[in-house]
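[1] here you go, sequence then predicted model.
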Amino acid sequence: MRGGCRTFWSALALMLIAPAVMAADAGLATAYSRLQQAAALPGPIHLRNEQLRKLYATSIAPQQTVGHAATATPADLATLYDAAGFMATTVRDTAYLRDMQLDLSELQRRKLDTDAVYQSMYGALVITRRFPEATTLARRHRSAKLEVLPRLVESSDLRKSGPTELAFSPDGKTLTRQHVNLGKGIGMVVVGSPSDAATAAAVSAIEADPKLSTALREKMTLVAPPTPALDAAAFGKWNATHPATPMTLVYRESEWTMITHWTVPTFYVLDHGKVIATIQDTDPAVVRRKIAAALEARRPSK
């Protein structure tokens, strides 16, 4: 782990010592490539995002102006748009939507606004939870085949802080944002996807294990990280197949402060809201065994 962290910081140091004019000197394509490389490095998410912000601020942001967009080549304009979209969807920050909109306006002026361009904007809006804007975009650009999103409502007891989730109604037409209580006793958070085979295999193995299913009854929270499309049908199918362990969507990852990795699937065993075991494996037997071991280790010795 320490060697991995050294690799992470060494690689980022090499990127950050480049001058602020790197994009102009080496090309926007190179600057964008470095952003993608930094995003792929191992390390905690919050540190990765911090470094991505710094890289973008020095190598891309100086060229995100009306003047630069108006004089950029078609290739550079596309790269500016893609880089802003990459930041919005990777860091999950609506601040980068401003740059996307600036570049989109110029793409529209030049009549370079293809369906793919609107699909990228739509994905960024969905991931950053700007649902009304995403639905408006879908209705205005039907040729891009974008999904009109379910109606978003908030539960009456929604709190101002703490993790929240988006739960689909049975007909898939409404999403309810609601609080998730992880602070009482033992529990587990599964970061998964309704269409991920490894998630399904592991959850089925847990449900089939009498001891685990009893220990985790009504204490297992299944959540999917933000993606460019909601896919209500996939969640409806999962919830019909696993009524005891329904899956919801994370509203914002930043609310889930105990989660350090959003790789699918990842299993977090919690004790009074604190993570006591993190399991990343695609073998359902291994996952089941490690969860059982974490629960057993929590028990006080006799």
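    Nice, I can see it.
[2] who does the helix or strand hosting G187 pair up with?
    G187 belongs to strand 186-191 when assigned by DSSP states H and E. Its sheet considered, strand 186-191 pairs with strand 220-224 (parallel), strand 266-271 (antiparallel) by DSSP bridges.
[3] and that strand, how far from the chain's centre?
    Taking Cα atoms, centre = their mean, to the nearest Å, one finds strand 186-191 lying 17 Å from the centre of the chain it belongs to.
[4] now do stretch 63-70
    Centre-to-centre, stretch 63-70 and its host chain are 29 Å apart (Cα atoms, centre = their mean).
[5] let me see the contact set for the nearest residue to E154 once chain neighbours are set aside.
    For E154, the nearest residue in space outside its immediate sequence neighbours is R177; the separation is 4.9 Å by Cβ to Cβ, 6 or more residues apart in numbering. To be clear about C-beta, it is placed using only N, CA and C from the backbone, and glycine gets the same treatment. Going by Cβ atoms under 8 Å, 6 or more residues apart in numbering, R177 touches 152-155, 158, 164-166, 251.
[6] where does the stretch 1-150 of the chain dip in pLDDT?
    Judged by pLDDT under 70, the stretch 1-150 of the chain has its weakly predicted residues at 1-26.
[7] can you show me the helices along it?
    Counting by DSSP state H, counting those that start in this stretch, the stretch 1-150 of the chain has helices at residues 2-16, 22-26, 28-40, 45-59, 66-71, 74-91, 95-109, 115-127, 131-140.
[8] and of the ones you listed, who's closest to S213?
    When the helices of the stretch 1-150 of the chain are ranked by proximity to S213, the top entry is helix 45-59, at 30.7 Å, counting by Cβ to Cβ.
[9] and the closest one, C-alpha only, in PDB?
    C-alpha atoms of helix 45-59 as PDB (Å, rounded to 0.1, in the frame of the first residue of the first chain):
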ATOM      1  CA  ILE A  45     -10.700   9.700  -3.900                       C
ATOM      2  CA  HIS A  46     -10.600  13.000  -2.200                       C
ATOM      3  CA  LEU A  47      -6.800  13.300  -2.800                       C
ATOM      4  CA  ARG A  48      -7.300  12.300  -6.400                       C
ATOM      5  CA  ASN A  49     -10.000  14.900  -6.900                       C
ATOM      6  CA  GLU A  50      -7.800  17.600  -5.300                       C
ATOM      7  CA  GLN A  51      -5.000  16.900  -7.700                       C
ATOM      8  CA  LEU A  52      -7.300  16.800 -10.700                       C
ATOM      9  CA  ARG A  53      -8.600  20.200  -9.800                       C
ATOM     10  CA  LYS A  54      -5.100  21.600  -9.700                       C
ATOM     11  CA  LEU A  55      -4.100  20.000 -13.000                       C
ATOM     12  CA  TYR A  56      -7.300  21.400 -14.700                       C
ATOM     13  CA  ALA A  57      -6.800  24.800 -13.100                       C
ATOM     14  CA  THR A  58      -3.300  25.100 -14.500                       C
ATOM     15  CA  SER A  59      -3.500  23.400 -17.900                       C
END
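[10] show me what counts as buried in that helix.
    The neighbour-count criterion (16 or more other Cβ atoms under 10 Å) identifies 45, 48-49, 51-53, 55-56, 58-59 as the buried residues of helix 45-59.
[11] my guess is M247 contacts N239. True?
    Yes - here M247 reaches N239: they are 6.5 Å apart, a contact under Cβ atoms under 8 Å.
[12] mind checking which of these two has more residues around it?
    Applying other Cβ atoms under 10 Å to M247 and N239 shows that M247 carries more neighbours, namely 22 against 19.
[13] what bridges to that one?
    L222.
[14] how about M100, nearest residue that isn't a chain neighbour?
    Counting by Cβ to Cβ, 6+ apart, M100 lies nearest to A84, which is 4.4 Å off, once chain neighbours are set aside.
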